[in-house]
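Q: show me how the following folds:
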Amino acid sequence: MGVLSREDACKLIEKLKEQGKKVIFTNGCFDILHVGHLRYLNEAKECGDILVVGVNSNDSVSRLKGPTRPINSEEDRAELLCGLKAVDYAVIFPEDTPVEIIGALKPSIHVKGGDYKKEDLPETKVVESYGGEVRILSLVDGKSTSNVVKKIAENN
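A: Sure thing, here's the model as predicted:
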């Protein structure tokens, strides 16, 4: 259990799948953990046996969310995620989308939140190319790191 390198994650997932385990993968910035993340990750874990979370690197978060982000370092975000009961492993990735890491890890199931559509995800084609499955989970409405950051800024 814990934060893995991409190489170690690849080896582990291959081994787990050989043992008949269903490996779930999801990804995100997870900059400030909130109840929306918790609910989402708990639902993701229910899809299989082992949950691996891809965590966007610091540079990737800055490109996606702007120069004031991330608030927490990639190491801290990954370690915090691993402290949640639902999360078995985390792996940090530098790309802006999870396409490359999913192609390397080949999880059984890739999950995303209800604010996404399967056909709009760039990773869907990769997941389905090796026989994996993409699942869209429930939308946890109104709970986002951006909303937390906005609320903090308004209170200053």
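Q: for stretch 111-124, give me every contacting residue.
A: Applying CB atoms under 8 Å, 6 or more residues apart in numbering, the contact partners of stretch 111-124 are 24-26, 40, 43-44, 47, 97-99, 102, 110, 134-140. Backbone N, C-alpha and C define where each C-beta goes, glycine included.
Q: at 7 Å what do you get?
A: 24, 26, 40, 44, 47, 97-99, 102, 110, 134-140 (CB atoms under 7 Å, 6 or more residues apart in numbering).
Q: what comes up buried for it?
A: Of all the residues in stretch 111-124, those buried under the rule 16 or more other CB atoms under 10 Å are 111, 112, 113, 121, 123, 124.
Q: with just CA atoms, put it into PDB.
A: Taking Å, rounded to 0.1, in the frame of the first residue of the first chain, the C-alpha atoms of stretch 111-124 are listed here in PDB:
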ATOM      1  CA  VAL A 111     -13.700   5.300 -13.600                       C
ATOM      2  CA  LYS A 112     -14.600   9.000 -13.800                       C
ATOM      3  CA  GLY A 113     -17.100  11.200 -12.000                       C
ATOM      4  CA  GLY A 114     -20.600  12.000 -13.200                       C
ATOM      5  CA  ASP A 115     -19.500  15.300 -14.700                       C
ATOM      6  CA  TYR A 116     -17.800  13.400 -17.600                       C
ATOM      7  CA  LYS A 117     -19.200  11.500 -20.600                       C
ATOM      8  CA  LYS A 118     -17.500   8.300 -21.600                       C
ATOM      9  CA  GLU A 119     -17.400   9.300 -25.300                       C
ATOM     10  CA  ASP A 120     -15.700  12.600 -24.500                       C
ATOM     11  CA  LEU A 121     -12.800  11.100 -22.500                       C
ATOM     12  CA  PRO A 122      -9.500  10.900 -24.400                       C
ATOM     13  CA  GLU A 123      -8.600   7.800 -22.500                       C
ATOM     14  CA  THR A 124     -11.700   5.800 -23.400                       C
END
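Q: just how off-centre is the longest helix along the chain within its chain?
A: Longest helix in the chain, counting residues (DSSP state H): helix 6-18. For helix 6-18, the separation from the chain centroid amounts to 16 Å (computed by CA atoms, centre = their mean, to the nearest Å).
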